Every structure is written in C-alpha cells, then in structure tokens.
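K.L.:
With the input below, show me the fold.
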Amino acid sequence: MKKVPSQPTQPAQTESVSAFAKRRGFVFPSSEIYGGFASTYDYGPLGAQMLKNIRDSWWSWFVESRIDVVGLDGAVFCHPKTWEASGHVASFADPLVEDKVTHQRYRADHLIEEALDIKTATLSFEELQTAIDKHQLKSPDGNPLTRLKSFNLLVEARLGSTDQTKASAYLRGETCQNIFLQYLNVLKSQSKQIPFGIGQIGKAFRNEVTTKDFIYRTREFQLMELEYFVNPSEGEKWYEFWREQMLAWVVNELGLPEKKFRFRPIPDQEKSHYAKKQVDFEFQSSSGKWFEISPLNHRGDWDLSRHQQYSGQNMIYLDPHTGEKFMPNVIEISFGLDRLLYTLLDNALTREEDRVVLKLSPKMAPYQVAVFPLVKNKPELVTKAEAVRNLLLQSHVRATWDQRGNIGKRYLSQDEIGTPVCVTIDYQTLEDQTATVRDRDTKKQKRVAIDQLVAYFQKMINLN
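P.N.:
Residues are numbered from 1 along each chain as shown. Next up, the predicted model:
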C-alpha cells in the first residue's frame, strides 16, 4: 500500500459536520424553504463535485481497471415480481411505533436498545412489544407510543396514465437486483466466463424511519455495488480477495486512515435473509461511533436461484473448460456513496487554533488548486492569473478562482473547503514567471515556475 497521509490531530467538536456542510455548500436540507423534508438532502456545488470524485475513483478501481468486471446502468423500476423473488416484499420490514402526540415514527428496536441497553436482533415483533409494555417505554419526547406495526421499507409507486390503468410497483430498494436480472444477458453478450463481476452505481429508495443521522441514513441514496459471480467451491477465496480490495481502496484512493476501519462479523441471527456470510465494513467517526459504509456479503446462490424459480429462466452455468454445471454464488460489495461523503467530511474536518481546515486528500477535494491574483484591481495580475488557471484546467487539474477580500481571508476560505494548494500571482510573477504556492496543511510557501506548475500538481495528486 502507498503511505497514508497524516491525519487530523483534533476532531471538529464545536461545529457539527451537518452545519459545516450546509454553511460551505457541501450539503443542503432538501426543500428547506418549505421547512425541509425529513431524511432528504440536496448536494451543493462542493458536495456534488466530491460525489463525482468518489464515483469516478470507485468505478476506476473496481470496474475499469479489471478485465473480469463490466458495468451496468439499470432502471429504477423493475417488474414487481423482482421484489417478491428477492424476498423484500416478505422480509424487508422494520418494527415501527409512533408518538401519539407528535406523530413522529421511530424504530421500536432502536428505542429499546437505547433505553434498556440490550440487543434486539433475535427478538420477534411480539417480544419487542412486550419489552415496550413491561418497561413502559415512551418516545424521545416523553409521550406514549402506539402499538408496534410492521413497516415495509420498499417505496411503493403507482404507474400508469389514468387512475383505472395504474398498477402498483416499487422503486428499487437496492441496486443489485438489476444485476441479477441482467446476469444472463451480460454473460452471453459479453462472452464472459465465471468468475466475473458486474458493477453498478445508482440510486435506491427506502421508507427510512430514522432521521437523525444526516446523510448517513436517507430515503433516497446512492449505492456503488459490485456483484461477483463465482464457482461455489471458490466463494471463500474471492470473499477474502474483495475484503482486501475494499480496505485498499479507501486507504489508497480516498486517503482515509486504515486504523479507523474495521470488518465487523454479523452474527447468524442478525444476517440479512440472503447472506451466507456477512461482515460490515465500518468507519469510526470523530465522536467514536462506528458507522457501516459497506457490507461484504457472500450471498450464496440465493438471488439467482430465486429468480430462476420465479421467472422460469435457467440460471445454471456450464463451465466450458471442465463441463461442470453449477448455480453461481455471488460475492457482494455495496458502498453507500452518501455515507462515504459523510466519512470523508467527518475524518477531515479539523479545528486548529486560528482556522478551520478540511484535510482532504487532493484526489477527493472539490478543488485541487485555487488560483488568486494578489489584488483584483490590477489587470496585468488578473490576466496572468486567469491564464494560469486555464493552463491547470486544460491539464485536468481541478482549479478554482478566488479574488475576494484580502489574501489572508482567501487562504482561510480555501483551507476550510479543503483545497490542498493555493497559487498566488503577484508582482514578482510579472518579472520572473514564478508564482507563490502555499500548502494547506503546513501553510508553507514556495516559489514555483509557472511552466512547472502542471507537473508539480500532477505529482502531488498522484502521491496522495
């Protein structure tokens, strides 16, 4: 592995990630002018760019760089039978209670765990209700609760042009089902042989009840998924391979510290209904809380077997080399894109004595370089600075422009949004064609020749 960049020494404690993200244009509450809409967010200019950086990196690492993985872009709507076959209609439900006064809904299992400090994974709905009754649990606002109800997480929609022709359908609750539905088409059209994988990035939708975890848990979210089809006899080998790749990617590409990640084994009673083996890949936030950012699932042959049963299509694979017939097993990686953005912000946001600084790696920062004219009312400086910025943009360095206020305020502003380097065009530039280059983390400055800037920044980006 490459050397991991040094990490913030002080987590931001006086300003929450969500407040910071809104103030600096990373993430905004959705529909805020109407009071907001719970568990939905819009990504501002800086957040949108960071999402693109993460997506591009994931696609390059897990899809483009591999000869055994291809991509897919599936539809949000699937045939309703899809969700019956996958088990989501029957099994994809949460235990729900409602505050009788505020009508706010809560996960019953979460309320019980927080109030009683017990694990609820093995408890039935009836046992959860008994625990609520026995301990007379109330809502977080201190109000009485309704009886527990089963709450399906799939988002239902009505499709059709008239009321008479509308039919029920679901927005996809996970993106992987498109991959399983198209497994045969990809296998045949791309002449693939097992083992091979299909990667996809796209949106999924869930009737999420919990609304307190910012962009970590939302009703509309983005997943970056890889389904890797293997011979059942090689499942364990490939499971370990992709486990190593997950950790290598977040460390080498996202610039995150290896020590803040763990693979948490999921007990049998807590596994997803399709999982043969399951660990959660988790990140430890600045608060000390562990957050899941991706499961690593050995799904066995659950998905293809179920779709074979419900569709009547033969999913059995014939190995062209050995003649062996088998139902492929699937190893699944499923990164939450929104959760990774949260992870990057939480890890990088640092309050120092004289500034707030977002210590993102150059690969993930919204902008890699900010270009300034020393003063904005000197045409010769402005023209030269614009030429330098255009030079960097043409060389695929993400460069922004800033001529607001004095130079000190510009530095602090760029530090706060994570820009690794600032370039100032000053009077000396006009004399010797060099610029002042300032490092975000150390605040050190040096002179670099303008004709060397592109090579200087490309080296910096590749090393971090």
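
K.L.:
all helices for the stretch 201-350 of the chain, in order.
P.N.:
Using DSSP state H, counting those that start in this stretch, the helices of the stretch 201-350 of the chain run over 235-252, 302-311, 337-348.

K.L.:
And the shortest one, what's buried?
P.N.:
Neighbour-count burial for helix 302-311, counted by 16 or more other CB atoms under 10 Å, picks out 302, 303, 304, 306, 307, 308. Bear in mind the C-beta positions are built from the backbone N, C-alpha and C, glycine included.

K.L.:
quick one: which two of the residues you listed are the most distant?
P.N.:
302 and 308 (11.0 Å; CB to CB).

K.L.:
Would you mind finding the most buried of the helices of the stretch 201-350 of the chain?
P.N.:
helix 337-348 (a mean of 24; mean count of other CB atoms under 10 Å).

K.L.:
and the angle for that helix with helix 235-252?
P.N.:
The directions of helix 337-348 and helix 235-252 differ by 50 degrees, with axes from the mean of the first three to the mean of the last three CA atoms, to 10 degrees as the criterion.

K.L.:
coming back round to it: rank the helices of the stretch 201-350 of the chain by pLDDT, which is bottom?
P.N.:
With a mean of 90, helix 302-311 has the lowest mean pLDDT of those.

K.L.:
Check which helices and strands it is in contact with.
P.N.:
If you count contacts as 3 or more CB pairs under 8 Å, 6 or more residues apart in numbering; DSSP states H and E, helix 302-311 packs onto helix 81-86, helix 176-181, strand 329-336.

K.L.:
of all these, which lies closest to residue 318?
P.N.:
With CB to CB as the yardstick, what comes closest out of the helices and strands packed on helix 302-311 is strand 329-336 (15.7 Å).

K.L.:
Tell me which strands the closest one pairs with, and in which orientation.
P.N.:
If you go by DSSP bridges, strand 329-336 pairs up with strand 220-230 (antiparallel), strand 290-300 (antiparallel).

K.L.:
out of those, nearest to residue 459?
P.N.:
Ranked by CB to CB, the member of the strands paired with strand 329-336 that lies closest to residue 459 is strand 220-230, at 28.2 Å.

K.L.:
Include distance to residue 400 when you put the helices of the stretch 201-350 of the chain into CSV, please.
P.N.:
Compiled in CSV, the helices of the stretch 201-350 of the chain are given as follows (distance: least, CB to CB, whole Å):
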stretch, distance to residue 400
helix 235-252, 25
helix 302-311, 44
helix 337-348, 18
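
K.L.:
So which of these is nearest residue 287?
P.N.:
Per CB to CB, nearest to residue 287 of the helices of the stretch 201-350 of the chain: helix 337-348, 8.3 Å.

K.L.:
So which other helices or strands are in contact with whichever strand or helix holds residue 382?
P.N.:
Take DSSP states H and E as the rule and residue 382 turns out to sit in helix 379-394. Secondary-structure packing of helix 379-394 (3+ CB pairs under 8 Å, 6+ apart): strand 369-373, strand 399-401, strand 421-425, helix 427-432, helix 453-463.

K.L.:
Mind listing what's buried along the last one?
P.N.:
Of the residues in helix 453-463, those buried under the neighbour-count criterion (16+ other CB under 10 Å) are 453, 454, 456, 457, 460, 461.

K.L.:
check contacts around the last one.
P.N.:
For residue 461, the contacting residues are 362, 363, 368, 397, taking CB atoms under 8 Å, 6 or more residues apart in numbering as the criterion.

K.L.:
For residue 406, give me the backbone phi and psi.
P.N.:
The phi/psi pair for residue 406 (degrees, to the nearest 10) reads phi -90, psi 170.

K.L.:
Now do the same for it: its pLDDT.
P.N.:
89.

K.L.:
Tabulate the buried residues of helix 453-463 in TSV, adding columns for pLDDT and distance to residue 244.
P.N.:
Listed next are the buried residues of helix 453-463 as TSV, based on pLDDT from 0 to 100; distance: CB to CB, whole Å:
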residue	pLDDT	distance to residue 244
453	93	37
454	92	34
456	90	33
457	89	31
460	82	27
461	79	24
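
K.L.:
count of residues packed around residue 380?
P.N.:
12 (other CB atoms under 10 Å).

K.L.:
ok, it touching residue 429?
P.N.:
No: using CB atoms under 8 Å, residue 380 makes no contact with residue 429, being 9.4 Å away.

K.L.:
just checking, residue 215 touches residue 28?
P.N.:
No: applying CB under 8 Å, one finds residue 215 not in contact with residue 28, separated by 10.7 Å.

K.L.:
quick one: which of those two has more around it?
P.N.:
Set side by side, residue 215 and residue 28 show more neighbours around residue 215, with 24 against 15, by other CB under 10 Å.

K.L.:
Report the separation between the more buried one and residue 244.
P.N.:
28 Å (CB to CB, to the nearest Å).

K.L.:
now residue 284, which residues is it bridged with?
P.N.:
Beta-bridge partners for residue 284, by DSSP bridges, are residue 290.

K.L.:
Test my guess that it contacts residue 264.
P.N.:
No: judged on CB under 8 Å, residue 284 makes no contact with residue 264 at a distance of 11.0 Å.

K.L.:
Please enumerate the shared neighbours of these two.
P.N.:
residue 290.

K.L.:
Compare these two (neighbour count), which wins?
P.N.:
The neighbour count for residue 284 versus residue 264, taken as other CB under 10 Å, is higher for residue 284 (17 against 12).

K.L.:
Where does the prediction get shaky in the stretch 351-464 of the chain?
P.N.:
Counting by pLDDT under 70, the stretch 351-464 of the chain has low-confidence residues at 463-464.

K.L.:
Leaving out the residues flanking it, which one is nearest to the spatially most central residue of the chain?
P.N.:
For the chain, the residue nearest the mean C-alpha position is residue 337 (1.7 Å; CA atoms, centre = their mean). Computed as CB to CB, 6 or more residues apart in numbering, the closest residue to residue 337 that is not its neighbour in sequence is residue 222, at 3.9 Å.
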